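>>> mind folding the following:
(2 chains)
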2 protein chains.
Amino acid sequence: NNTVVIGRKHVINYCVTHFVCLFSCHKLQESLLSSNSGYSNYRGILNWCVVMLVLSNARLVLENLIKYGILVDPIQIISLFLKDPYSWPALCLIIGMISVHYVSLHLATVYCDLYVICLVCKFWGVFSGCVSVGGVMALGVFTVLFLKLYSYRDVNKWCRESRRAKARTLSRSHSCPSVHKANGTAGYTHVNYPGNLTHRDIYYFIFVPTLCYELNFPRSPRIRKRFLLRRLLEMLFLMQLMIGLIQQWMVPTIQNSMKPFQDMDLSRIVERLLKLAVPNHFIWLIFFYWYFHSSMNFVAELMQFGDREFYRDWWNSETIPYFWSNWNIPVHKWCLRHFYKPMLVKGVNKFTAQLAVFFMSAFFHEYLVSVPLKMFRLWAFLGMMAQIPLAYFVGRFLRGNYGNAAVWMSLIIGQPIAVLMYFHDYYVLRCVL
Amino acid sequence: NNTVVIGRKHVINYCVTHFVCLFSCHKLQESLLSSNSGYSNYRGILNWCVVMLVLSNARLVLENLIKYGILVDPIQIISLFLKDPYSWPALCLIIGMISVHYVSLHLATVYCDLYVICLVCKFWGVFSGCVSVGGVMALGVFTVLFLKLYSYRDVNKWCRESRRAKARTLSRSHSCPSVHKANGTAGYTHVNYPGNLTHRDIYYFIFVPTLCYELNFPRSPRIRKRFLLRRLLEMLFLMQLMIGLIQQWMVPTIQNSMKPFQDMDLSRIVERLLKLAVPNHFIWLIFFYWYFHSSMNFVAELMQFGDREFYRDWWNSETIPYFWSNWNIPVHKWCLRHFYKPMLVKGVNKFTAQLAVFFMSAFFHEYLVSVPLKMFRLWAFLGMMAQIPLAYFVGRFLRGNYGNAAVWMSLIIGQPIAVLMYFHDYYVLRCVL
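Here you go, the predicted model:
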C-alpha cells in the first residue's frame, strides 16, 4: 500500500517538474524575417523557383496540347528537304563552293580574292530562290566557308611575309635560328610553310569546327567511341525536340499574334511577345546546346580536333560585352584575330575597332536573315546595334546579379521582338503581293 | 631615307612577331559542359529562374487584365461586411465569448469545462447563418479563444497541483525553498499563482499573439514606433493586395474551371488546377507574411510582447513534418504543450501521440472550412491525412534539395486541389437546390 502512495507521489512530482519547466515556453526574440534578426538562409527559395517554373510550364504545355492537339510531324521536315526545289540548287552551290576551295589552293601563291566571288555567288544563289530551310542552311555554310577561307588566306600571307622577313634578316646576320613551336601534340609531324599547302590540310581545316586556320592544330589522342555515341544521340534527340517545339509551340503562337499586330493593339502585342518569349528562349537554349556542345564536339571528336572551347561561361555574364565574347568562341576568335587585331596594328583605336566588330557582326546577322526572307528590314541589324547603348547602361548602372539578370532579360525579350518583326513584315508582304 | 627603311622593317617585324604568336590560337581542352571538364559554376541559372518567373507571371497578369479588365473593387468587401446580416450576429458572438472569459475567470477556482459551451455555441451560431466572411472570421476567433482558454485552464491546474504538492512536501520536510524563476524581463513584477487570477492578466493573454498561457510573459523593453508603423503599412497594403488578387485572379479562374469539372474532362481539370495553383500559392505566401509577420508583430509590438517567434525557416524544410512543425509556431507550441506532451505523460507512445496531433489538426482544418460552407465533405480532413503517407514517402526516398522541392510541390499543388473540390461541391449543391 505504501509503495503505491510513493508511486503516485512520484507520478505527481514528475508531472509537476515536467510542466513547471513548460510554464515558460516563451523567450525574448525577433521574427526571422525582421531585418534585425540577422537571418539570411533562403536556400529553399531556389527550389521554389525551380518548382514554380516547372509547374507553370507544365500548364502551358498542357494548355497547348488541349488547344491545338499534336502538331509535331517529323515527315513534314524531311519532305521539306526532299521536295523543296530550291534546296537542291543550294546543295549544288555548297558542292561548288568546295570546288572553289580546290581552286583557291592551286592559286594559293597568287592569293586572288576569290572569297569575294563566294559572297556574291551565294547571295545570287539564295536570293534567286524562295525562302527555304535549304536556303538558310546553304547561306550558313557559305558564311562559315567564307570566314574560313579568309582566315586561310590571312595566315598563309603572314607565313609568306614572315619567311621573307626571316630570309632578309638571315641574309644580313646569318645567325638567327628558326624557332619551331612544339604544339604539344605527339604523333603528328610538325608542318611548316609552305608544307601546309596540301589538299589534305585544307579539307581537314574545312571540316574542323573552328574558323581560324592554323598550320598545326592541337589533336586529341584518340576517338572516344562512347563520347561520340552520346553526342550523336544528343544531336538526334535535340534536333527532333527543336523541330517539335517549333511546330507545336512557336508556329501557333506566331500565327495568333498576327491579328493584334495588324490592329496595333499594344497591350495584346506585349502579351503575345511575352507568350512567344518562353518557347523562343527554350528553343534558343536547346539550339545552343545542340550546336555548340553536341554537334561541334561530335565533329571535333570524329576529326580528333583537340580544342573543344566552343563556348565559355556566358550564363554567368554580368555585362553585355562579356556575353558576346563568350557564347560563340569560334566567331569571337575569328573576329579578334582577323578583324580586331589587324585594325589595332593599322593604328585604329580600341573603341572604334570594337564598334567595327559589332557593325560586322550586325551585318552578318542581318545578312543571314534578310537574304533567305528576301526582305531588307534591318530589324536584326538594329537589334545588334541596340546592344551598344544597352551594354553602356548595364555596365554603368547594374552590378553582379542585377547585371546578370539584365543580360538574361535582354536575351529572353530581345529575340522574340526581332522574330515577331520579321514574321509580321513577311506576313504583310505576302498578303499584299 | 635610311630611317624610313628601318621604320618600315620595324613595322614588318612587329607585325610578324605579333601574328606569329597568334598562329597558335587553339589549345587542347574540353568543353565546359562536358562531364570531365570539372566545371560547376552555374550561378547565373538562379538569375535565369527569377527572370523567367517574373516574365511568365507578367504575361499572366497582362492576359488576365486583357481578358477580364479590372475586377478589383475595395468597396465590395466593405459592403460585404456592413450589409451582410450574418456578420453582425458573428460580432455579437465574439463579444459574448469575451464575456464568457470574464465568467470563466470568476469560476477559475471551479475550472468547470466552460470551453465545451464555447465550441457548441460558436458551432450553432455560425451554422445557423449563411456563408459569410464575418462567419469565417468569427469561427477563427472562436477557435483561437477556445485554444487560449484551454491553455489558461491547464496552466492554472498545473499551478494548483504544484502548490498542493509543494505544500505536502513542506509539511513533511519544512526545508524546500520555493524557486522563483527570473524570466529576464526587468521592470515587471514577477507574478505567482494565484496572483495571476486578475482581469488585467486574462485580457492581456487574450489579446497577445500566442496560444500558450504563461504567468510571466517575456516583455519587450519599449514600443518601437517606426517598427509599428511599418508593420501597419504592410498590413494595410498586403490586405488590399490579397483582396485584389482574389477578385482579379482567383475568382475568374475558379469560375472557368466549373465547366471542365462538370464534364469530367481530366486533361482540362489538370490544366485548370495548374492555372489555379499559381495565384493560390502567391495569395497563400502573402497571407503567411501578412498574418504571421506583419499582423502578429504589430499586435506583439503594441502589447510589448517579447517572443516574436511566430514561424521558423519552413521554406528550407526538407521533410513534411519539419514544415508542419515550423510554419505556425503558436499552434505548434500549443499542440506540443497541451496535447502531445500530456499524452506522453499518460503513457501513450510517441507515434500514436503524433498521429493524434495530426488528427486533431485535420479536424480543425475541416471544422474551419466545413462549418462556414455548411458542407461536410472531408476534403480538408483528407488533405491533412494525405500528409502522413506523403511524409513517409518524402522522408524515405528524397533528400536535401529534392525533399525541399517535394515539400514545395505538395504546398503548391495540394491547396488548389482542396479549393477546387470545395468550390465544385458548393457550386453543385447551390445549383441543384
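>>> tell me which residue is most central in chain A.
Within chain A, the residue whose C-alpha comes closest to the C-alpha centroid is A:Phe288; the distance, by Cα atoms, centre = their mean, is 4.5 Å.
>>> name the helix or strand for it, please.
helix A:266-288 (DSSP states H and E).
>>> quick one: that helix near chain B?
Yes: against chain B, helix A:266-288 shows contacts by Cβ under 8 Å from any Cβ of the partner chain at A:Ser267, A:Arg268, A:Val270, A:Glu271, A:Leu274, A:Lys275, A:Ala277, A:Val278, A:His281. In this view, the C-beta of every residue, glycine as well, is placed from N, C-alpha and C.
>>> can you map out the helices along the stretch 151-300 of chain A?
According to DSSP state H, counting those that start in this stretch, the stretch 151-300 of chain A carries its helices in the segments A:199-207, A:225-245, A:251-256, A:258-263, A:266-288, A:296-303.
>>> make a markdown table out of those and add mean pLDDT.
Putting the helices of the stretch 151-300 of chain A into a markdown table (pLDDT from 0 to 100) gives the following:
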| stretch | mean pLDDT |
| --- | --- |
| helix A:199-207 | 85 |
| helix A:225-245 | 91 |
| helix A:251-256 | 84 |
| helix A:258-263 | 78 |
| helix A:266-288 | 89 |
| helix A:296-303 | 93 |
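>>> which among the ones you listed is found nearest to A:Arg377?
A:Arg377 sits nearest to helix A:258-263 of all the helices of the stretch 151-300 of chain A, at 14.0 Å, using Cβ to Cβ.
>>> now the closest one, how far from the centre of its chain.
Counting by Cα atoms, centre = their mean, to the nearest Å, helix A:258-263 is centred 31 Å from the centre of its parent chain.
>>> so what touches that helix?
In this structure, residues lying in contact with helix A:258-263 by Cβ atoms under 8 Å, 6 or more residues apart in numbering or on different chains are A:Arg268, A:Ile269, A:Glu271, A:Arg272, A:Leu420, A:Phe423, A:His424, A:Tyr427, A:Val428.
>>> the residue nearest to the centre of chain A contacts A:Trp327, doesn't it?
Yes: counting by Cβ atoms under 8 Å, A:Phe288 touches A:Trp327, with 7.4 Å between them.
>>> residues shared between the contacts of these two?
Common neighbours of A:Phe288 and A:Trp327, using Cβ under 8 Å, 6+ apart, are A:Tyr311.
>>> so A:Val310 sits in a helix?
I think there's a mix-up here, since residue A:310 is Phe and not Val. No: counting by DSSP: H, G, I helix; E, B strand; the rest coil, A:Phe310 is not part of a helix but coil.
>>> ramachandran angles for A:Phe305?
phi -90, psi 130 (degrees, to the nearest 10).
>>> contact partners for the closest residue to it other than its chain neighbours?
Excluding the flanking residues, the one nearest A:Phe305 by Cβ to Cβ, 6 or more residues apart in numbering or on different chains is A:Val208, at 4.9 Å. Counting by Cβ under 8 Å, 6+ apart, A:Val208 makes contact with A:Phe217, A:Val299, A:Ala300, A:Met303, A:Phe305.
>>> kindly recompute the last result at 10 Å.
Shown in contact with A:Val208 (Cβ atoms under 10 Å, 6 or more residues apart in numbering or on different chains): A:Lys148, A:Glu214, A:Phe217, A:Met296, A:Val299, A:Ala300, A:Leu302, A:Met303, A:Gln304, A:Phe305, A:Asp307, B:His26.
>>> quick check: residues of the stretch 51-200 of chain A near chain B?
Residues of the stretch 51-200 of chain A lying close to chain B (Cβ under 10 Å from any Cβ of the partner chain) are A:51-67, A:151, A:154-155, A:157-159, A:161-166, A:168-169, A:179, A:181, A:183-185, A:193.
>>> just the buried ones from those residues?
A:51-53, A:55-57, A:59-64, A:151, A:154-155, A:158-159, A:162, A:165, A:183, A:185 (16 or more other Cβ atoms under 10 Å in any protein chain shown).
>>> check which residues of the helix holding A:Phe288 are buried.
Under 16+ other Cβ under 10 Å, the buried positions of helix A:266-288 are A:268-269, A:271-283, A:286, A:288.
>>> what packs against that helix?
When contacts are defined as 3 or more Cβ pairs under 10 Å, 6 or more residues apart in numbering or on different chains; DSSP states H and E, helix A:266-288 packs onto helix A:43-68, helix A:225-245, helix A:251-256, helix A:258-263, helix A:400-432, helix B:43-68.
>>> apply 6 Å and report the result again.
Counting contacts by 3 or more Cβ pairs under 6 Å, 6 or more residues apart in numbering or on different chains; DSSP states H and E, helix A:266-288 packs against helix A:225-245, helix A:258-263, helix A:400-432, helix B:43-68.
>>> tabulate the helices of the stretch 151-300 of chain A (CSV), appending distance to B:Tyr311.
Shown next, in CSV, are these (distance: least, Cβ to Cβ, whole Å):
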stretch, distance to B:Tyr311
helix A:199-207, 62
helix A:225-245, 41
helix A:251-256, 41
helix A:258-263, 44
helix A:266-288, 34
helix A:296-303, 49
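>>> and of those, who's closest to A:Leu390?
Taking Cβ to Cβ, helix A:266-288 is the member of the helices of the stretch 151-300 of chain A nearest to A:Leu390, at 16.7 Å.
>>> quick one: the closest one to helix A:400-432, angle?
Orientation of helix A:266-288 against helix A:400-432 (axes from the mean of the first three to the mean of the last three Cα atoms, to 10 degrees) gives an angle of 110 degrees.
>>> chain center to helix A:266-288: distance?
Distance, centroid of helix A:266-288 to centroid of chain: 17 Å (Cα atoms, centre = their mean).
>>> could you list the low-pLDDT ranges of chain A?
A:1-23, A:77-135, A:170-188, A:430-433 (pLDDT under 70).
>>> export the helices and strands packed on helix A:266-288 to CSV and tack on distance to A:Phe364?
Formatted as CSV, the helices and strands packed on helix A:266-288 follow (distance: least, Cβ to Cβ, whole Å):
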stretch, distance to A:Phe364
helix A:225-245, 22
helix A:258-263, 27
helix A:400-432, 14
helix B:43-68, 26
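>>> closest one to A:Asn316 among these?
Using Cβ to Cβ, the helices and strands packed on helix A:266-288 put helix B:43-68 closest to A:Asn316, at 4.1 Å.
>>> so what does the closest one touch, helix or strand wise?
helix A:43-68, helix A:266-288, helix A:400-432.
>>> can the longest one be found next to chain B?
Yes: judged by Cβ under 6 Å from any Cβ of the partner chain, helix A:400-432 comes into contact with chain B at A:Asn401, A:Asn404, A:Ala405, A:Trp408, A:Met409.
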